[in-house]
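K.L.:
Here's a sequence, model it:
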Amino acid sequence: TALHRVLKSRLYLGQVDFGGTIYPGEHPAIVDPAVWQQAQRLLSRNAKAGGRAARNKYGALLSGLLHCAACDAAMPHTYSQRGTRRWRYYGCKRGCGTGSLPAGEIEAFVVERIRGIGSDPKVLAQLPTDAREAVHEFTPVWEVLPPRQQVRLVHLLVERVAYDARTETVAVTYRPNGVEAALAAESAT
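P.N.:
Got it, this is the predicted structure:
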């Protein structure tokens with residue numbers, strides 16, 4: 001896009017790109033090199049994961065995490081709509097008979113499981129002190145996070161969610177260092 005070209009342009013650094021070679025320009029830099037480098041890092045990171053986040057316009061918390069226990073296929077998020085009413089759900093990609101699962105219900109269940117980490121003494125004992133404090137602060141922080149950040153946090157904490165339609169059970173597998181990764185991501189922003 002035009003904005004992407006502007007953000008990638010070395011002209012703002014007082015440089016000229018000619019045939020893939022960078023030359024000093026005859027004009028002064030108008031952007032600090034450290035700011036320009038940070039923008040390049042963000043653009044690079046967004047190029048790797050930004051597409052999925054941008055396509056997740058309905059804030060599907062479990063997009064890419066939810067799998068069918070029966071056939072191990074992904075259960076992507078989708079929706080049906082009639083007029084202005086929209087029903088969000090997840091469905092087995094292979095159509096193995098698992099059927100669909102209402103998005104709001106499964107997402108609320110997983111968030112409650114994450115909240116439960118803070119009340120499990122075995123889990124808390126394994127966490128560093130700052131991580132224990134962060135887990136206790138999960139609910140107030142969660143409530144004020146924008147949807148995109150909620151998705152990001154769930155993806156930092158949870159490795160996989162498996163839904164078994166036959167037994168109507170859900171298994172949540174957490175990332176081994178998920179709480180620490182979430183804290184590191186928070187301090188980096």
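
K.L.:
okay, and the helix or strand of this structure with the least pLDDT?
P.N.:
Scoring the helices and strands of the chain by mean pLDDT, DSSP states H and E places helix 178-188 at the bottom, with a mean of 60.

K.L.:
Low-confidence bits of the chain, can you list those?
P.N.:
The model of the chain has pLDDT under 70 over residues 1, 45-57, 130, 178-189.

K.L.:
in it, which spans are strands?
P.N.:
Remark: strands assigned in the chain by DSSP state E are 15-18, 21-24, 66-68, 77-82, 85-91, 100-102, 158-164, 169-174.

K.L.:
As JSON lines, the ones you listed with distance to residue 116 would be great.
P.N.:
C-betas here are computed from N, CA, C, even on glycine. As requested, the strands of the chain are arranged in JSON lines below (distance: least, CB to CB, whole Å):
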{"stretch": "strand 15-18", "distance to residue 116": "53"}
{"stretch": "strand 21-24", "distance to residue 116": "53"}
{"stretch": "strand 66-68", "distance to residue 116": "18"}
{"stretch": "strand 77-82", "distance to residue 116": "23"}
{"stretch": "strand 85-91", "distance to residue 116": "21"}
{"stretch": "strand 100-102", "distance to residue 116": "20"}
{"stretch": "strand 158-164", "distance to residue 116": "13"}
{"stretch": "strand 169-174", "distance to residue 116": "10"}
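
K.L.:
Most tightly packed of those strands?
P.N.:
Of the strands of the chain, the one with the most neighbours on average (mean count of other CB atoms under 10 Å) is strand 66-68, at a mean of 24.

K.L.:
what about the strands of the chain, which gets the closest to residue 144?
P.N.:
Evaluated over the strands of the chain, closeness to residue 144 peaks at strand 158-164, with 20.1 Å, by CB to CB.

K.L.:
Could you check how far the residue of the chain most remote from its centre is from residue 147?
P.N.:
In the chain, residue 26 marks the outermost C-alpha relative to the chain mean, sitting 42.6 Å out by CA atoms, centre = their mean. As defined by CB to CB, to the nearest Å, residue 26 lies at a distance of 47 Å from residue 147.

K.L.:
same check, this time on residue 10
P.N.:
Distance, residue 10 to residue 147, using CB to CB: 35 Å.

K.L.:
and what of residue 37?
P.N.:
Counting by CB to CB, the separation of residue 37 from residue 147 is 29 Å.

K.L.:
Same check on residue 164?
P.N.:
With CB to CB as the criterion, residue 164 and residue 147 are 27 Å apart.

K.L.:
before we move on, what about residue 175?
P.N.:
Counting by CB to CB, the gap from residue 175 to residue 147 is 21 Å.

K.L.:
what's the answer for residue 29, then?
P.N.:
Taken as CB to CB, the span from residue 29 to residue 147 is 37 Å.
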